[in-house]
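Colleague: My questions are about this predicted structure, shown below with the sequence.
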Amino acid sequence: MRRSLLLFPLVLLIALGAPALAGAGGFATAGLSSTPEGVVPGQPWNVDITVLQHGRTPLEGVSPRVVINSGDTRREFAAEATGEPGVYRAEVVFPSAGRWDYQVLDGFIDESPHSFPAVEIDDAAAAPAARPGAPDDGAITSGWLWGAGAALALALALLAIDRLRRRPAPAPRGAEPA
């Protein structure tokens with residue numbers, strides 16, 4: 001009986017952890033040396049992109065790109081290796097004033113672009129505008145943390161129930177031990 005009670009939480013933890021382990025094989029982070037704040041139309045924004053595999057190891061041999069979007073206008077700017085491991089430089093030019101979204105395709109897994117807050121490009125310095133619902137750049141989502149916490153709580157509850165069931169029943173009052 002004890003084995004079956006302990007086996008269930010173990011199987012549950014493995015089942016919940018398997019997708020996380022399967023997806024842990026490849027991701028990269030992309031950091032920028034600057035933002036395009038204060039850039040005016042036609043002026044180049046020279047930005048260094050640091051690409052790290054698993055957020056730690058400089059990733060070489062990839063081809064990152066900066067993508068800018070405003071309405072129907074989309075431009076893509078390739079970044080070139082700088083000679084420093086994992087660091088690439090792009091020269092980005094916003095063709096007109098307006099609100100621009102920008103993101104980085106890291107060249108490793110382009111299906112998950114790294115998005116940054118939108119920026120207002122005009123003839124004067126502008127502050128970035130927050131974009132609601134922007135992805136959190138590959139961080140661990142809270143859903144996984146909640147799931148792991150729930151699995152741990154369930155395992156602890158089952159262990160407590162098992163411990164209570166194994167406790168000997170109290171002897172009836174007035175009875176002598178045999």
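Modeller: Good, I have the coordinates.
Colleague: Figure out how far stretch 30-42 is from the centre of its chain.
Modeller: 22 Å (C-alpha atoms, centre = their mean, to the nearest Å).
Colleague: list the buried ones in that stretch?
Modeller: Neighbour-count burial for stretch 30-42, with 16 or more other C-beta atoms under 10 Å as criterion, is recorded at Ala30, Leu32, Pro36, Val39. Backbone N, C-alpha and C define where each C-beta goes, glycine included.
Colleague: try stretch 99-110
Modeller: Of the residues in stretch 99-110, Trp100, Asp101, Tyr102, Gln103, Val104, Leu105, Asp106, Gly107, Phe108 count as buried by neighbour count, 16+ other C-beta under 10 Å.
Colleague: Among these, which ones are in helices?
Modeller: Using DSSP state H, no member of the buried residues of stretch 99-110 sits in helices.
Colleague: and which of these is nearest to Arg163?
Modeller: Lowest distance from Arg163 to those (C-beta to C-beta) belongs to Phe108, with 47.5 Å.
Colleague: Who are the contact partners of the nearest residue to the closest one once chain neighbours are set aside?
Modeller: Using C-beta to C-beta, 6 or more residues apart in numbering and skipping the chain neighbours, the partner closest in space to Phe108 is Ala28 (4.1 Å). Ala28 makes contact with Val51, Leu52, Gln53, His54, Gly55, Leu59, Val62, Asp106, Phe108, Ile109, Gly138 under the criterion C-beta atoms under 8 Å, 6 or more residues apart in numbering.
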